[in-house]
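**Student:** Next input, structure requested:
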Amino acid sequence: MDTSSLWKGTAAKMACLPTLQTDLKVDVAIVGAGITGLTAAMLLVQAGKRVAVLDAYKAGDASTGNSTGNLYATVDLGLHTLEEQHGLEVMRRVVESRAAAIDLIEATVARLNLDCGFQRVPWHLIGVDAAQVGEVEKEALAAMRARLHADLRDDAPLPLDAAKTLRVEDQAQFQPLEYVRQLAQRIGGEDCLIFENTRVTAIDDEPAVVHTEHGKVQCQHIVIATHTPIGIHLVQSQLEVVREYGIAAPLHDSVPEPGVYWCIGQERHSVRTYAAHGRTYLAVVGSAHKLGEKEVGGERFQELELFARDHWPIGPVEYRWSAQRYRAKDKLPYIGRNVDAQNTYIATGFSGDGLTYGTLAGMMLADEILGRGTPWRDLYAVDRLAQAQRPEGFEKERTGPAQPDAAAQLGAAELNQLQDLPPCQSRKIEIQGQPVAVYRAEDGRLQAVAGKCSHMGCEIKWNGAETSWDCDCHGSRFAPDGRVLEGPALVPLAAAKVDQGA
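**Tutor:** Okay, the predicted model is just below:
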């Protein structure tokens with residue numbers, strides 16, 4: 001199944017950036033070339049710092065390139081839940097900080113002449129049945145107390161039988177991958193070195209050194225901008241990991257007014273349109289689940305397609321993708337200097353609001369490294385983690401090199417019990433008490449790897465929707481051959497030896 005996002009499918013082709021092949025010395029090393037890392041890089045270079053940005057893949061291809069492209073000052077769990085837990089003043093400051101991040105994106109688009117479809121649009125929360133009216137009304141009151149330009153209505157500008165709709169003016173949308181890739185092109189140069197296909201293998205905080213497969217970067221400050229910090233960090237004990245899915249299909253007519261639409265009923269769906277290459281696409285995101293809670297398959301994409309076809313005249317689905325959400329248990333992200341660190345900064349816990357929070361994090365981390373004050377430091381401070389006793393396994397943060405668990409060898413007995421495993425299917429088995437994760441490729445060959453996550457030894461489960469092994473503890477994801485696809489794991493799953501001819 002093709003799982004390319006709408007943004008990857010419609011973004012202009014750009015020349016590949018180089019891979020790091022030597023040692024470097026800069027002021028700041030940034031791990032991750034998504035919206036967080038490149039925003040921080042842009043602001044640090046403007047202030048006269050020399051920066052190196054390192055990404056394991058292509059700039060923007062991870063979380064940024066698999067997002068919704070929506071920008072808003074509200075939050076996915078609702079402003080009213082934020083106010084209930086933290087109070088009115090905290091809610092207002094969250095909205096103020098997120099609005100400032102959207103303003104920076106708008107100013108950057110204008111200043112650098114980025115062609116990324118940025119436009120100001122309204123945001124909507126639509127209750128599709130009577131059971132959701134109370135939630136929409138509570139959110140409307142919270143939005144008004146947050147001083148947003150909000151309006152409560154009895155209908156919706158979508159072909160839905162809406163019971164109640166909240167509309168908030170002056171939010172925004174763009175093509176996130178175009179924004180990030182063009183930003184990389186504009187700021188890249190002698191003072192902003194950006195490297196793709198450069199996987200970080202270890203990080204030293206003191207002295208500050210970032211190690212990669214082919215070179216190391218010495219610096220004064222390190223920013224880990226990888227959505228969740230790679231390695232083992234105390235913050236991971238306070239994050240819930242959720243996987244969410246998206247589809248996009250050409251929309252033939254009945255094109256809604258541009259805007260961000262959140263539809264809440266039995267399921268929650270985010271809906272928007274995007275025009276590219278002479279066509280208008282309808283994008284629907286939702287069908288969320290806790291990562292690894294059970295084995296999942298194509299039904300996640302099917303649910304989204306059924307919802308879309310029930311309400312819009314769409315053509316065949318052309319794009320399918322998914323994204324990870326790391327949600328802080330107290331509903332506020334962690335942005336700033338890491339708990340045990342002298343020179344390392346992190347940004348995580350953005351939940352489903354990562355484009356706006358990622359931009360805010362880039363702003364705040366640049367200010368902190370430059371010694372400037374930021375009005376929201378206490379709101380998102382990482383050191384609030386240190387106030388409680390550390391959970392088992394997080395007594396010491398570790399970003400140094402790790403060794404994967406050894407995987408067993410599949411002998412004749414194991415191969416015999418796998419004979420009935422069909423192509424494109426998986427199975428977990430045990431060999432001498434050790435779990436082994438096995439996948440049969442389309443050509444019939446078996447791929448077997450260690451059955452526990454290389455991050456902290458948690459169980460991994462099969463994700464048939466995306467052909468990956470997923471860890472529900474801290475969000476690491478692996479290809480069938482053990483390669484790290486996402487998450488905090490630094491090393492791949494060890495491959496088990498398989499005698500294909502046995």
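
**Student:** For the most centrally placed residue in the chain, give me its contacts.
**Tutor:** For the chain, the residue nearest the mean C-alpha position is S63 (3.5 Å; CA atoms, centre = their mean). By CB atoms under 8 Å, 6 or more residues apart in numbering, the residues touching S63 are G34, H227, A323, Q324, G354, G358. All C-beta atoms are positioned from the backbone trio N, CA, C, and that covers glycine.

**Student:** Adding secondary structure and distance to L385, write those residues out as TSV.
**Tutor:** Formatted as TSV, those follow (DSSP: H, G, I helix; E, B strand; the rest coil; distance: CB to CB, whole Å):
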residue	secondary structure	distance to L385
G34	coil	23
H227	coil	18
A323	strand	25
Q324	strand	20
G354	helix	20
G358	helix	20
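
**Student:** Pick the one among these closest to R390.
**Tutor:** Relative to R390, the closest of the contacts of S63 is H227; by CB to CB it sits at 22.4 Å.

**Student:** Which residue is the nearest non-sequential neighbour of the closest one?
**Tutor:** Take H227 and drop its neighbours on the chain: the residue closest to it by CB to CB, 6 or more residues apart in numbering is S63, 4.7 Å away.

**Student:** I335 too?
**Tutor:** Spatially, and ignoring its direct neighbours in sequence, I335 is nearest to Y380 (4.1 Å; CB to CB, 6+ apart).

**Student:** repeat for E83
**Tutor:** M91 (4.3 Å).

**Student:** The one you found contacts A146, correct?
**Tutor:** Yes - with contact defined as CB atoms under 8 Å, M91 counts as touching A146 (5.7 Å).

**Student:** Need the residues touching each of the two.
**Tutor:** Common neighbours of M91 and A146, counting by CB under 8 Å, 6+ apart, are L79.

**Student:** Export stretch 43-53 to PDB, keeping only CA atoms.
**Tutor:** This file holds the C-alpha atoms of stretch 43-53, laid out as PDB (Å, rounded to 0.1, in the frame of the first residue of the first chain):
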ATOM      1  CA  LEU A  43      16.800  32.500  14.100                       C
ATOM      2  CA  LEU A  44      20.200  31.500  15.300                       C
ATOM      3  CA  VAL A  45      21.900  32.300  12.000                       C
ATOM      4  CA  GLN A  46      20.100  35.700  12.000                       C
ATOM      5  CA  ALA A  47      21.800  36.300  15.400                       C
ATOM      6  CA  GLY A  48      25.300  35.500  14.000                       C
ATOM      7  CA  LYS A  49      25.600  31.900  15.100                       C
ATOM      8  CA  ARG A  50      27.100  29.100  12.900                       C
ATOM      9  CA  VAL A  51      24.800  26.100  12.800                       C
ATOM     10  CA  ALA A  52      24.800  22.500  11.500                       C
ATOM     11  CA  VAL A  53      21.500  20.800  11.000                       C
END
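
**Student:** Give me the neighbour count for the nearest residue to V235 once chain neighbours are set aside.
**Tutor:** Closest residue to V235 apart from its sequence neighbours, by CB to CB, 6+ apart: Y334 at 5.2 Å. Neighbourhood size, Y334 [other CB atoms under 10 Å]: 28.

**Student:** And for Y345?
**Tutor:** Count around Y345 with other CB under 10 Å applied: 25.

**Student:** separation between it and K58?
**Tutor:** Distance of Y345 to K58, computed by CB to CB, to the nearest Å: 23 Å.

**Student:** residue ranges of the helices in the stretch 301-450 of the chain, please?
**Tutor:** For the stretch 301-450 of the chain, the helices defined by DSSP state H, counting those that start in this stretch cover 354-369, 412-417.

**Student:** any chance of those in a markdown table, plus mean pLDDT?
**Tutor:** Output for the helices of the stretch 301-450 of the chain, formatted as a markdown table (pLDDT from 0 to 100):
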| stretch | mean pLDDT |
| --- | --- |
| helix 354-369 | 98 |
| helix 412-417 | 80 |
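
**Student:** Point out the most buried one among those.
**Tutor:** Ranked by mean neighbour count, the helices of the stretch 301-450 of the chain are led by helix 354-369 with a mean of 26 (mean count of other CB atoms under 10 Å).

**Student:** For the residue nearest to V235, give its distance to L485.
**Tutor:** For Y334, the distance to L485 - CB to CB - is 23 Å.

**Student:** Number of residues surrounding the residue nearest to I335?
**Tutor:** Neighbours of Y380 under the rule other CB under 10 Å: 23.

**Student:** surely it meets Y334?
**Tutor:** Yes - between Y380 and Y334 there is a contact under CB under 8 Å: 6.4 Å.

**Student:** Could you name every residue contacting both of these two?
**Tutor:** Joint contacts of Y380 and Y334 (CB under 8 Å, 6+ apart) do not exist.

**Student:** At which residues are the strands of the stretch 201-350 of the chain located?
**Tutor:** Ranges of strands in the stretch 201-350 of the chain, per DSSP state E, counting those that start in this stretch, are 209-212, 216-218, 221-224, 239-250, 260-264, 268-276, 279-290, 319-328, 334-337, 344-348.

**Student:** F394: which of the ones you listed is closest?
**Tutor:** By CB to CB (comparing all of these), the closest turns out to be strand 239-250, at 11.7 Å.

**Student:** in its sheet, what does that closest one sit against?
**Tutor:** Paired strands of strand 239-250, with direction, are strand 279-290 (antiparallel), strand 319-328 (antiparallel) (DSSP bridges).

**Student:** Now do the buried residues in the longest one.
**Tutor:** Neighbour-count burial for strand 279-290 flags Y281, L282, A283, V284, V285, G286, S287, A288 (criterion: 16 or more other CB atoms under 10 Å).

**Student:** Determine which two of those are furthest apart.
**Tutor:** Farthest pair in these (CB to CB) is Y281 and A288. Separation: 21.0 Å.

**Student:** thinking again about what came up before, relative to I264, how far out is the residue nearest to H227?
**Tutor:** 24 Å.

**Student:** Now for G278, how many residues are close by?
**Tutor:** Neighbours of G278 (other CB under 10 Å): 5.
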